[in-house]
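Asks: with the input below, show me the fold.
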Amino acid sequence: MHWSLGEIAEAYDGSVCGDAGMRVRPTDTRATDPSGLAYAERASALERMAGVGAFLLPRALTGVDRPHVHVDDPRDVFHQLLGELDRRAAPAPPPGVHPTAVTDPDCAIDPTAYVGPYTVVERGAVIGPRTRIHPFVYVGPNCRVGADSVLHPHAVLCRDVRLGERCTVHPGAVVGGEGFGFTPTPAGWRRVPQAGGVRAGDDVEIRALASVERATCADTVLGDGVKLGDLTCVGHNATLGDHTLLVPLSGVGGSATLGRRCVLGGGSGVFDHTTLADDVRVGAHGTVTRDIDTPGDHTGTPARPLARQLRLDALLPRLPELLERIRQLEERLDAGR
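Replies: The predicted structure is shown next:
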């Protein structure tokens, strides 16, 4: 699918500099593609895009000698074009339940929803309007999927999961699996029954192979707009505030509480029963071992405020030298006694 620069300008209230009839398609900034379209927000970014044919640029960025369209927000326009490509590549299936799907008589499926081949919908489950459930999905007992949500192939909602509207669960993700609860006994580890559920707000996205454990009792909670990356894990009874984001390979321990707009970098973790304030950001491979009461950037193990950790990192290579100086001072003090 290609657009002309003129069509893009007309659709997004832009102005063309160059050939308005040039047909373009979004491309990677590193590509060599004469018909490729990329966006840049600063002149310095153009130097890394020598092979791209045309650009979306902010109105204030002038003097560019390659074809471009000036718009208010180049990034947003580029993302909208990508969305159109995505919709064309995977159009929404028509409503209805495929003949091979297995649906319990006690479930409720909105007539505008789509339930794909070999999907299972158990008793008490409710599928909302315009929801799309792709092949090989499992929707367990008493689960509720809100309107306009999408469950991709091999997604699993085990039981007692409530998803809000416009939620997306990607392939292989498991929501509502049993929480990792064991208690020590003289005979070994004893399983603690996990009798709770999972409650997710609107616009939640759970990426491939992520896991959200159901609570021991009550609910594991994901607020509105929460985004969970691939291979992330949210432990039982954890609470993630609105618009919190977990980068792939990060994890949150059981009964931890994250405030709104928190971000966990790749490979980072939050210990169980810890609390993070709103707007806390943890760098890659950071480990939160105790409560963080103030917003800001933290990193390291245990996680510390970024400025402090940077000072410690700068000091670390000097430790052998400082240790030798201390020994020499101690010897001089002992000699003077």
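
Asks: mind listing the helices for the stretch 1-150 of the chain?
Replies: Secondary structure of the stretch 1-150 of the chain (DSSP state H, counting those that start in this stretch): helices located at 5-11, 43-46, 74-89.

Asks: deepest in the core, which of the ones you listed is it.
Replies: Of all the helices of the stretch 1-150 of the chain, helix 5-11 has the most neighbours on average by mean count of other Cβ atoms under 10 Å, namely a mean of 18. Any C-beta I mention is one placed from the backbone N, CA and C, and that applies to glycine too.

Asks: lowest average confidence, helix or strand, in the chain?
Replies: Within the chain, no helix or strand scores below helix 306-315, which has a mean of 84 by mean pLDDT, DSSP states H and E.

Asks: I'd like the next helix or strand past that one.
Replies: Next along the chain after helix 306-315, taking DSSP states H and E as the criterion, comes helix 319-335.

Asks: so for that following helix, what gets flagged as buried?
Replies: When neighbours are counted by 16 or more other Cβ atoms under 10 Å, no buried residue of helix 319-335 is found.

Asks: and for residue 172, the neighbour number?
Replies: For residue 172, the number of neighbouring residues by other Cβ atoms under 10 Å comes to 17.

Asks: any idea how far it is from residue 209?
Replies: Separation of residue 172 from residue 209 (Cβ to Cβ, to the nearest Å): 4 Å.

Asks: and residue 290, by the same measure?
Replies: Here the distance between residue 290 and residue 209 works out to 29 Å (Cβ to Cβ).

Asks: who has more neighbours, the two?
Replies: Residue environment comparison for residue 290 versus residue 209 gives the larger neighbour count to residue 209, 17 against 11, counting by other Cβ under 10 Å.

Asks: I'd say that one and residue 173 touch.
Replies: Yes: under the criterion of Cβ atoms under 8 Å, residue 209 lies in contact with residue 173, with a separation of 6.3 Å.

Asks: name the residues contacting each of those two.
Replies: Overlap between the contact sets of residue 209 and residue 173, as judged by Cβ atoms under 8 Å, 6 or more residues apart in numbering, is nil.

Asks: nearest to residue 36, out of the helices of the stretch 1-150 of the chain?
Replies: Shortest separation from residue 36 across the helices of the stretch 1-150 of the chain is recorded for helix 74-89, at 11.6 Å, computed as Cβ to Cβ.

Asks: which other helices and strands contact that closest one?
Replies: strand 23-26, strand 33-39, strand 52-58 (3 or more Cβ pairs under 8 Å, 6 or more residues apart in numbering; DSSP states H and E).

Asks: show me what the shortest one is packed against.
Replies: Which is strand 23-26. Helices and strands touching strand 23-26, as assessed by 3+ Cβ pairs under 8 Å, 6+ apart, comprise strand 3-4, strand 33-39, helix 74-89.

Asks: likewise the last one?
Replies: The criterion is 3+ Cβ pairs under 8 Å, 6+ apart, and the helices and strands that strand 52-58 contacts are strand 33-39, strand 68-71, helix 74-89.

Asks: 10 Å - rerun?
Replies: The criterion is 3 or more Cβ pairs under 10 Å, 6 or more residues apart in numbering; DSSP states H and E, and the helices and strands that strand 52-58 contacts are helix 5-11, strand 15-17, strand 23-26, strand 33-39, helix 43-46, strand 68-71, helix 74-89.

Asks: list the contacts of the fourth one.
Replies: It stands for strand 33-39. 2-3, 5, 8, 22-31, 45-46, 48-49, 51-58, 67-69, 71, 73-79, 81 (Cβ atoms under 10 Å, 6 or more residues apart in numbering).

Asks: still on that earlier bit, could the helices and strands packed on strand 52-58 go into TSV alongside distance to residue 110 and mean pLDDT?
Replies: As requested, these are arranged in TSV below (distance: least, Cβ to Cβ, whole Å; pLDDT from 0 to 100):
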stretch	distance to residue 110	mean pLDDT
helix 5-11	32	95
strand 15-17	44	95
strand 23-26	34	95
strand 33-39	38	94
helix 43-46	45	90
strand 68-71	38	96
helix 74-89	21	92
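
Asks: turn those into JSON lines, columns for distance to residue 120.
Replies: Compiled in JSON lines, the helices and strands packed on strand 52-58 are given as follows (distance: least, Cβ to Cβ, whole Å):
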{"stretch": "helix 5-11", "distance to residue 120": "42"}
{"stretch": "strand 15-17", "distance to residue 120": "52"}
{"stretch": "strand 23-26", "distance to residue 120": "37"}
{"stretch": "strand 33-39", "distance to residue 120": "43"}
{"stretch": "helix 43-46", "distance to residue 120": "48"}
{"stretch": "strand 68-71", "distance to residue 120": "46"}
{"stretch": "helix 74-89", "distance to residue 120": "27"}
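
Asks: of those, give the one that comes closest to residue 117.
Replies: Closest approach to residue 117 among the helices and strands packed on strand 52-58 is made by helix 74-89 (19.8 Å; Cβ to Cβ).
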